[in-house]
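**Q** Give me a model of this one.
(chains A and B)
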Amino acid sequence: MTNPADQDRPTAASLRAGSSRLVKAWLQDALAAYFPTRDAGAFAPFEASIGRGYFLADDLRVIYAGVPADNGRAWRGAMADLVAELPASAANVDALDTLIDWARFIAAYEVLARVGNRIRSDSFAGLQLKNGETLLERSLRMAIELAAETTDLRDFFIEAVQSRFFPIHLSLQTLAALCRSEPDHWIAHLGMMRPFIAQMLRHHRPGREGLRRQTQELVDAIGLRRALEGIHKLRRAPSRADDADYDEWLASALLLDEDSIVEMVPDPFFPRPVPGIVFSPRGRRDVRIFVPRSSLDEPASAPPRAGRDRRGERKVDIFLDYKDPAVREIAKQTASAFGW
Amino acid sequence: MPDDIVDQITTIVQPALLKKKFGIESDRDFRFCVLADPPSEALATVTLAGFLEKMLDRPSLVELSANGHFFPYRATATGARTAVDRLKSLPEERRHFRFSPEGLGDRTLWVTMSERLAAALAGPDDGIADRARDVLGLVDLERDDVVVLVGVPSGPLAERKRARPTVLDGGNRRFTGVPRDPPEALGEGWGWTFDLRALFGAAERQAGLPECICEGWPSDAFAGEPSSFTVLGVIELPRKDPVGVGDDRFAELLRQPRSRDDLMAELAALV
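**A** I've put the predicted structure just below:
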């Protein structure tokens, strides 16, 4: 004889094909029952999938892999609704953490959007996870990873930066992700992030290689052309100033270090047309061309990027016409900013 | 109970049905039956790189983050593969860490012998993540998953029960406890993984690597324990063959020359 309780329980098939409402009700009950006891039975009829991975999010992604592609949206919607509605309390921190982790595995932007609506709340952002992160930091890491695939995360990052729980060690990663969302405004974003970057440089002291790596991330996010067009707007340090308050880290990694991302070489062929960004601050004999140099981090097998061909040889593929008055103005300002 | 029979039966019958039909209570009757001796060799586990964010102690995570590293959950996002390449090229001294209070989670821990895994992965760097997945039989890993090898400190293991795993411990659809052709006798409590390449005719034997489980952890068991990680890379080659076809082939490899009915009869006689 069938147990009446079993009759009310959705089957695996009905859940996989179920509405967002059905999935949400099931998931909410399952999470509530699971965390106090860690009983896999809470996730019936999928209990056999629980406990395989080291964390619950791993099990849930395996369950999600069995959901038909055309119903994935209903599941992601259920996850997003739960993230939006679960009270921000210590009792729910494991459930919220699991939902965010799971969403990151399956790139559920629906969840990220709802998280973004909550991070301005201190009670949500400041919830402490067992490994010492806050819920804001965990959410921010998800957003940074997924930022490359969407352009509508600007508000998320700005909310995150304004939170008193913003983790300053993620300042440069946040800057790159924010600029990826809005590459045309990268100088404004740099300005907004400057105080946080200064704190990060002072407190965490990233190494030269780490700064170079993150400068490369930034250049990848905005494109070399925007980077070079904007460098005259960098805030350079006056002598004997505390460099951390300025953009010296960026100027160095981009242009000034021996292994800078962009290499400056004189062009013996000027004024013949050359591919590249040409600045001529001191007249025809002192032309500077910016040639992207291959990243030290980049493996030989990496796909070609701007400035690098398949054989890893330098190749300039950006062209700005020096006859253009706007380009000449940029060249002039850059020369002034860098003391050429 | 000879667990190889149950292992093979469960290629046909799911654990839930095993419990319902034959009354096998997985925890009481079957799990942790063949206990292991205290570990005398270095141990490791392979898991998803994203979970390192949970495992690493705060100073290690912050230091890596401040230097521009992150642990991608999947290799599909733009920049994720570059991040993986950077993590792979981290010098050894930057890959040491201490576990956070979250440690390795609170689940059953699956470990293998570090030296044997290293030997199995020796060779060209290309495809190393796929090779690890194959020799450890981790069929649930999907294309674009980023996997990492994590050293398992022996201290917390000494306090917990360790045993040869069975499919009821949460084994996947390609689980074996001990294959029919184990390459050598191991100490008590060790099983062998199923090398997934055997299903595709690319491995000479079914047995992959030694494998052992350790029961779940009390809170904070790993906190502060020293370890190191090695990001292996991205799963490129799918092994999730179509359900049905692959299952039949796997069951056939395990049960030969017995038939499915033979196995069912053997199990029925045991319980």
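
**Q** what number of residues lie near the nearest residue to residue A:130 once chain neighbours are set aside?
**A** Distances taken as Cβ to Cβ, 6 or more residues apart in numbering or on different chains put residue B:102 closest to residue A:130, at 4.5 Å, once the chain neighbours are dropped. Bear in mind the C-beta positions are built from the backbone N, C-alpha and C, glycine included. Residues lying near residue B:102 (other Cβ atoms under 10 Å in any protein chain shown) number 25.

**Q** list the contacts for residue B:102?
**A** A:129-131, B:54-55 (Cβ atoms under 8 Å, 6 or more residues apart in numbering or on different chains).

**Q** which SS state does it fall under?
**A** Assigned by DSSP: H, G, I helix; E, B strand; the rest coil, the conformation of residue B:102 is coil.

**Q** For it, give me phi and psi.
**A** Backbone torsions for residue B:102, taken as degrees, to the nearest 10, come to phi -70, psi -20.

**Q** If I look at it, what pLDDT would I see?
**A** pLDDT for residue B:102: 89.

**Q** The contacts of residue B:102: which two are farthest apart?
**A** A:129 and B:55 (12.3 Å; Cβ to Cβ).

**Q** Which one's more surrounded, the two?
**A** More neighbours surround residue B:55 than the other of residue A:129 and residue B:55, with 26 against 20 (other Cβ under 10 Å).

**Q** Distance-wise, check that one relative to chain A.
**A** Computed with Cβ to the nearest Cβ, to the nearest Å, the distance linking residue B:55 and chain A is 8 Å.

**Q** quick one: that residue and residue B:103 touch, right?
**A** Yes - using Cβ atoms under 8 Å, residue B:55 is in contact with residue B:103, at 6.6 Å.

**Q** so who does residue 54 touch?
**A** I went with chain A, as the question did not name one. B:47, B:51, B:104-105, B:107, B:109.

**Q** my bad, the chain I had in mind was chain B
**A** Contacts of residue B:54 by Cβ under 8 Å, 6+ apart are A:55, A:129-131, B:100, B:102, B:105.

**Q** if you set the cut-off to 7 Å instead, what comes out?
**A** By Cβ atoms under 7 Å, 6 or more residues apart in numbering or on different chains, the contact list for residue B:54 reads A:55, A:131, B:100, B:102.

**Q** same thing with residue B:199?
**A** By Cβ under 7 Å, 6+ apart, the neighbours of residue B:199 are B:246, B:249-250.

**Q** Could you pick out the buried ones from those residues?
**A** B:246, B:250 (16 or more other Cβ atoms under 10 Å in any protein chain shown).

**Q** Okay, and which of the contacts of residue B:199 map to helices?
**A** B:246, B:249-250 (DSSP state H).

**Q** Looking at those, spot the one nearest chain A.
**A** residue B:246 (15.1 Å; Cβ to the nearest Cβ).

**Q** Local confidence estimate at residue 163?
**A** Because you didn't say which chain, this covers chain A. pLDDT at residue A:163 comes out at 96.

**Q** Chain B is the one I meant
**A** 89.

**Q** Residue B:32 is in contact with that one, correct?
**A** Yes - between residue B:163 and residue B:32 there is a contact under Cβ atoms under 7 Å: 4.2 Å.

**Q** who's in contact with the helix or strand encompassing residue A:111?
**A** Assigning secondary structure by DSSP states H and E places residue A:111 in helix A:109-116. With contacts defined as Cβ under 7 Å, 6+ apart, helix A:109-116 is touched by A:76-77, A:79-80, A:83-84, A:99-100, A:103, A:139, A:142-143, A:146, A:150, A:155-156, A:159.

**Q** in chain B, which spans are helices?
**A** Using DSSP H, helices in chain B cover B:3-9, B:15-22, B:52-55, B:58-66, B:80-88, B:114-121, B:128-136, B:154-158, B:245-255, B:260-270.

**Q** Just send those helices back as CSV, with distance to residue A:68 and mean pLDDT too.
**A** CSV is the format used below for the helices of chain B (distance: least, Cβ to Cβ, whole Å; pLDDT from 0 to 100):
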stretch, distance to residue A:68, mean pLDDT
helix B:3-9, 29, 53
helix B:15-22, 22, 60
helix B:52-55, 30, 94
helix B:58-66, 37, 97
helix B:80-88, 26, 92
helix B:114-121, 36, 96
helix B:128-136, 25, 96
helix B:154-158, 41, 84
helix B:245-255, 19, 74
helix B:260-270, 29, 66
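
**Q** Next, format these as JSON lines and append distance to residue A:32.
**A** Shown next, in JSON lines, are those (distance: least, Cβ to Cβ, whole Å):
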{"stretch": "helix B:3-9", "distance to residue A:32": "33"}
{"stretch": "helix B:15-22", "distance to residue A:32": "22"}
{"stretch": "helix B:52-55", "distance to residue A:32": "22"}
{"stretch": "helix B:58-66", "distance to residue A:32": "29"}
{"stretch": "helix B:80-88", "distance to residue A:32": "33"}
{"stretch": "helix B:114-121", "distance to residue A:32": "39"}
{"stretch": "helix B:128-136", "distance to residue A:32": "34"}
{"stretch": "helix B:154-158", "distance to residue A:32": "30"}
{"stretch": "helix B:245-255", "distance to residue A:32": "34"}
{"stretch": "helix B:260-270", "distance to residue A:32": "37"}
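
**Q** low pLDDT regions in the stretch 151-300 of chain A?
**A** For the stretch 151-300 of chain A, residues meeting the criterion pLDDT under 70 lie at A:151, A:240, A:263-300.

**Q** So which bits of it are right by chain B?
**A** Contacts of the stretch 151-300 of chain A with chain B, taken as Cβ under 7 Å from any Cβ of the partner chain, map to A:169-170, A:172-173, A:200, A:204, A:206-207, A:210, A:213-214, A:217, A:220, A:297, A:299.

**Q** picking that back up, name the nearest of the contacts of residue A:54 relative to residue B:261.
**A** For the contacts of residue A:54, the nearest to residue B:261 is residue B:107 (35.1 Å; Cβ to Cβ).

**Q** Identify the residues contacting that closest one.
**A** For residue B:107, the contacting residues are A:51, A:54, B:216, by Cβ under 7 Å, 6+ apart.

**Q** Swap in 10 Å and give it another go.
**A** A:38, A:50-56, A:58-59, B:169-170, B:213, B:215-217 (Cβ atoms under 10 Å, 6 or more residues apart in numbering or on different chains).

**Q** Just the buried ones from these?
**A** Using 16+ other Cβ under 10 Å as the burial test, the contacts of residue B:107 include A:50-56, A:58-59, B:169-170, B:213, B:216-217 as buried.

**Q** where's the dip in pLDDT among the residues you listed?
**A** Within the buried ones among the contacts of residue B:107, lowest confidence goes to residue B:170 (68).

**Q** circling back to that earlier point, which ones among the contacts of helix A:109-116 lie within helices?
**A** Counting by DSSP H, the contacts of helix A:109-116 contribute A:76-77, A:79-80, A:83-84, A:99-100, A:103, A:139, A:142-143, A:146, A:155-156, A:159 to helices.

**Q** What strand or helix carries the residue of the stretch 151-300 of chain A found nearest chain B?
**A** Chain B sits closest to residue A:210 of the stretch 151-300 of chain A, with a gap of 3.0 Å, by Cβ to the nearest Cβ. According to DSSP H and E, residue A:210 maps onto helix A:208-222.
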